[in-house]
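Engineer: Please find the sequence and the predicted model below.
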Amino acid sequence: MSATPSGPGPRTVAVTRHAGRTALLGAVCAGLAVALAGCAEDPDAGTNGVGKLPAPKIEAKARAAAEHAGTVRLSGSFVSQGATYKLDMHLAGDGAKGQLTTRKSTFALLRVGDALYLKADAAFWAGEKAGGGGNDASAADKLGGKYVKVPAADPVYQRFSGFTDKDTLLASLLALRGTLATGDHATVGGVKTIRVAGGAGSGGTLDVSLEGTPYPLRLERGGDAGTVRFDDWDKGVSLKPPSQDQIVDYGKQVSAASGR
């Protein structure tokens with residue numbers, strides 16, 4: 001009688017080998033998954049690190065950066081007290097220059113120190129007589145197309161000088177409302193940003209730079225109240241009064257022309 005084999009049969013060996021290969025394959029796949037997860041791109045890698053901060057700290061750093069910057073270009077549109085404004089202003093601590101558009105008019109604004117100059121067409125000045133009623137046609141024609149030096153006590157100065165005040169504009173625009181939360185990573189003009197939303201977006205959304213200084217780069221105001229871009233931080237603005245042949249003194253010229 002032949003002896004009974006003591007080792008595993010061919011089928012047992014095959015099953016064992018298959019199980020071994022399956023376990024090995026599972027281990028390799030698990031290791032590969034871990035490796036791929038570890039290699040996934042970190043959106044904050046190589047940035048200034050503010051993207052890892054809580055939303056209130058991101059906003060605080062952005063506001064501080066804006067306050068300490070010497071200059072900025074502010075462009076876009078926004079709604080204030082029911083009126084829509086479009087602007088493209090280069091702002092500095094001691095003045096500003098640029099263009100402002102309202103529902104009725106488009107004009108240039110220039111402030112050097114306390115001196116405010118406004119250049120608009122004759123139609124604008126025809127409606128700007130102090131106390132209402134408008135200026136007469138001859139007075140308005142003298143002002144149209146010239147840089148008009150506006151007295152500080154004039155209502156025109158009070159209405160428009162705020163658009164040339166860097167600190168005033170930034171303080172009002174950068175105020176997000178509601179509970180702050182960190183949003184998505186994005187890009188603005190090719191610059192990586194982190195978004196901070198106020199009130200789940202209803203209080204505005206601010207894109208803050210993840211490259212270099214954490215400047216504000218774009219603001220979407222809540223309630224569809226406009227979108228504003230912030231560019232050219234700390235790049236300088238050349239401010240100087242217009243040449244004398246381009247300046248009209250508002251008080252003297254309008255008073256003389258209209259008999260006031």
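Structural biologist: That came through, no problem.
Engineer: Chain neighbours aside, what residue packs nearest to the residue positioned nearest the centre of the chain?
Structural biologist: Nearest residue to the geometric centre of the chain (C-alpha atoms, centre = their mean): residue 218, 2.6 Å. Using C-beta to C-beta, 6 or more residues apart in numbering and skipping the chain neighbours, the partner closest in space to residue 218 is residue 207 (4.2 Å). From N, CA and C alone the C-beta is placed, and that goes for glycine too.
Engineer: what residues are up against the one you found?
Structural biologist: Residue 207 sits next to 186, 188, 193, 194, 195, 216, 217, 218, 219 when contact means C-beta atoms under 8 Å, 6 or more residues apart in numbering.
Engineer: who wins for neighbours among those residues?
Structural biologist: Counting neighbours by other C-beta atoms under 10 Å, the top entry in the contacts of residue 207 is residue 216, with 28 neighbours.
Engineer: so that one makes contact with residue 176?
Structural biologist: No - Residue 216 lies out of contact with residue 176 (C-beta atoms under 8 Å); the separation is 10.4 Å.
Engineer: Give me the common contacts of these two.
Structural biologist: residue 206.
Engineer: ok, residues contacting the helix or strand containing residue 172?
Structural biologist: Secondary-structure assignment from DSSP states H and E places residue 172 in helix 166-173. For helix 166-173, the surrounding residues in contact (C-beta under 8 Å, 6+ apart) are 63, 66-67, 71-72, 74, 78, 89, 91-93, 96, 162-163, 219, 221, 228.
Engineer: Just the helices from the stretch 151-260 of the chain, written as ranges.
Structural biologist: 155-160, 166-173, 250-258 (DSSP state H, counting those that start in this stretch).
Engineer: what about the protein, any weak spots by pLDDT?
Structural biologist: The chain contains residues with pLDDT under 70 at 1-40, 128-136, 250-260.
Engineer: do that again at 80, thanks
Structural biologist: Applying pLDDT under 80 to the chain flags the ranges 1-41, 80-81, 127-140, 249-260.
Engineer: need the strands for it, in chain order.
Structural biologist: 71-80, 83-92, 95-101, 106-112, 115-119, 147-150, 180-188, 191-198, 205-209, 216-220, 227-231, 247-249 (DSSP state E).
Engineer: Flag every buried residue along stretch 61-75.
Structural biologist: Residues 61, 62, 63, 65, 66, 69, 71, 72, 73, 74, 75 are the ones in stretch 61-75 that count as buried (16 or more other C-beta atoms under 10 Å).
Engineer: So what touches it?
Structural biologist: If you take C-beta under 8 Å, 6+ apart as the criterion, stretch 61-75 is touched by 50, 53, 87-93, 166-167, 169-170, 173-174, 196, 206, 208, 213-216, 228-237.
Engineer: now that stretch, how far from the centre of its chain.
Structural biologist: Distance, stretch centre to chain centre, for stretch 61-75: 10 Å (C-alpha atoms, centre = their mean, to the nearest Å).
Engineer: residues contacting residue 96?
Structural biologist: Shown in contact with residue 96 (C-beta under 8 Å, 6+ apart): 89, 90, 109, 110, 111, 163, 164, 165, 166, 237, 239.
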